[in-house]
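A.B. asks: after the sequence you'll find the predicted model.
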Amino acid sequence: MAQYNIDSRHSTTNIAGRDQINHYYTSMSGSSNHQQPALSFNDAPIDLLSSHFTGREDELVGIGKGLGTSHGNAPTRYALHGMPGVGKTQLALQFAQLSYNRRQYELVFWISGATVEKLNQGFAKVLTLVGHPDYSNSDQSIRLTSARRWFEEPNVNGSGPCNWLLVLDNISQDSVSFLREHLPRKNSSGNILFTTRTRAVAEAVTTVAGQQHHVMELLVPDLEHAMNQLLKEAGSTDPASTSMDGAEALVKCIGRLPLAISHAASFAKQSHNRLDVVLDLYQSKHKYDVGFGS
């Protein structure tokens with residue numbers, strides 16, 4: 001989901017992007033007149049959201065607009081796909097946090113889609129979170145059906161009408177058939193956001209009743225944002241050209257991948273090494289000794 005943070009200390013470009021996001025979510029929340037639900041929570045693991053998250057304004061707005069598109073009475077789906085380490089989970093966490101804080105959603109659920117077992121556990125947790133009577137049912141099929149029906153008709157269970165977001169993170173090919181069977185099929189008050197590595201899986205989980213919902217490929221950040229992330233996470237405040245040159249060379253060497261940048265920054269900070277020294281280590285035969293090759 002990239003490890004960046006939108007705040008007023010960044011450039012005018014970032015401020016403009018932030019204002020664009022605020023305008024979008026303000027318009028969304030201002031148009032909602034539905035009854036307040038009995039429940040309100042954000043189940044996303046926001047403690048995993050990097051304090052250095054910045055940029056990705058266009059992607060955040062794109063997700064919001066995509067999920068705001070109507071697909072009849074079915075929950076709108078949106079899938080992010082991209083290579084490992086590109087920041088899909090961080091972006092999904094940021095969207096979950098922003099949209100919940102701006103009251104676009106009253107309820108945010110987060111489930112790992114890496115395996116069918118994790119999906120089973122996640123849907124069982126949904127029943128616990130909403131206080132559904134079937135949360136302790138020993139029959140797994142009953143729990144799954146109850147979870148799907150709750151998403152389709154939450155008012156039936158006494159929680160009141162609400163807007164909900166279900167995030168399914170790191171969906172694998174092995175999980176696709178399970179999701180096709182157990183995801184909610186109605187209730188336009190709900191949205192589903194997926195992250196996955198491949199476009200094939202992204203398209204499979206966003207195809208509903210012959211309609212293709214939105215899919216976005218998440219690319220690596222541009223060089224400027226990648227360098228900013230590295231310098232901030234490494235705690236570098238030195239504007240010297242050697243520091244900037246070292247940052248540029250290092251992020252280029254590791255492919256501008258946010259996860260790899262975080263790893264390199266953490267090593268530089270903990271070892272008190274300059275970025276050019278970290279680059280030399282990364283390019284040397286000793287990179288496995290410091291964890292760069294793992």
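C.D. replies: Yes, it's here.
A.B. asks: buried set for the helix or strand hosting residue 150?
C.D. replies: Secondary structure assigned from DSSP states H and E places residue 150 in helix 140-152. For helix 140-152, burial by neighbour count (16 or more other CB atoms under 10 Å) applies to 143-144, 146-148, 150-152. C-beta here means a position set from N, CA and C on the backbone, and glycine is covered the same way.
A.B. asks: list the buried ones in stretch 248-255?
C.D. replies: Buried residues in stretch 248-255, counted by 16+ other CB under 10 Å: 248-251, 254.
A.B. asks: can you show me the helices along the stretch 151-294 of the chain?
C.D. replies: Under the criterion DSSP state H, counting those that start in this stretch, the stretch 151-294 of the chain contains helices at 176-182, 199-205, 223-234, 241-253, 258-271, 275-283.
A.B. asks: export the ones you listed to a markdown table and tack on mean pLDDT and distance to residue 123?
C.D. replies: Below are the helices of the stretch 151-294 of the chain laid out as a markdown table (pLDDT from 0 to 100; distance: least, CB to CB, whole Å):
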| stretch | mean pLDDT | distance to residue 123 |
| --- | --- | --- |
| helix 176-182 | 95 | 7 |
| helix 199-205 | 97 | 15 |
| helix 223-234 | 84 | 35 |
| helix 241-253 | 77 | 39 |
| helix 258-271 | 82 | 28 |
| helix 275-283 | 80 | 41 |
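A.B. asks: the ones you listed: which one's closest to residue 50?
C.D. replies: The minimum distance between residue 50 and these falls on helix 258-271, with 7.0 Å, by CB to CB.
A.B. asks: pull the closest one out as CSV, backbone CA atoms only.
C.D. replies: Below are the C-alpha coordinates for helix 258-271, written out as CSV (Å, rounded to 0.1, in the frame of the first residue of the first chain):
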residue,chain,number,x,y,z
PRO,A,258,9.5,1.1,-0.4
LEU,A,259,10.0,-2.1,1.7
ALA,A,260,13.7,-2.3,0.6
ILE,A,261,14.1,1.4,1.3
SER,A,262,12.8,0.9,4.8
HIS,A,263,15.3,-2.0,5.3
ALA,A,264,18.2,0.1,4.1
ALA,A,265,17.2,3.1,6.1
SER,A,266,16.8,1.1,9.3
PHE,A,267,20.3,-0.5,8.8
ALA,A,268,21.9,3.0,8.1
LYS,A,269,20.3,4.4,11.3
GLN,A,270,21.1,1.5,13.6
SER,A,271,24.7,1.1,12.3
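A.B. asks: just the angle between that helix and helix 223-234, please?
C.D. replies: 40 degrees (axes from the mean of the first three to the mean of the last three CA atoms, to 10 degrees).
A.B. asks: any idea where the strands of the stretch 1-150 of the chain begin and end?
C.D. replies: Assigned by DSSP state E, counting those that start in this stretch, the stretch 1-150 of the chain shows strands spanning 41-42, 76-81, 107-112.
A.B. asks: same for the first one, what does it pack against?
C.D. replies: Strand 41-42 sits against helix 88-101, strand 107-112, with contacts defined as 3 or more CB pairs under 8 Å, 6 or more residues apart in numbering; DSSP states H and E.
A.B. asks: indicate which one of the ones you listed is closest to residue 69.
C.D. replies: helix 88-101 (14.9 Å).
A.B. asks: in the closest one, what's buried?
C.D. replies: Buried positions in helix 88-101, judged by neighbour count with 16+ other CB under 10 Å: 88-100.
A.B. asks: mind putting those residues in CSV, distance to residue 175 and pLDDT included?
C.D. replies: Listed next are the buried residues of helix 88-101 as CSV, based on distance: CB to CB, whole Å; pLDDT from 0 to 100:
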residue, distance to residue 175, pLDDT
88, 15, 95
89, 16, 95
90, 21, 93
91, 20, 95
92, 16, 97
93, 20, 96
94, 23, 95
95, 21, 97
96, 20, 97
97, 24, 96
98, 26, 95
99, 24, 96
100, 25, 96
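A.B. asks: pLDDT weak spots in the chain?
C.D. replies: Applying pLDDT under 70 to the chain picks out residues 1-38, 52, 54, 154-161, 236-243, 285-294.
A.B. asks: can you list the domains in it?
C.D. replies: Taking automatic domain parsing as the reference, the chain has its domains at 12-217, 223-283.
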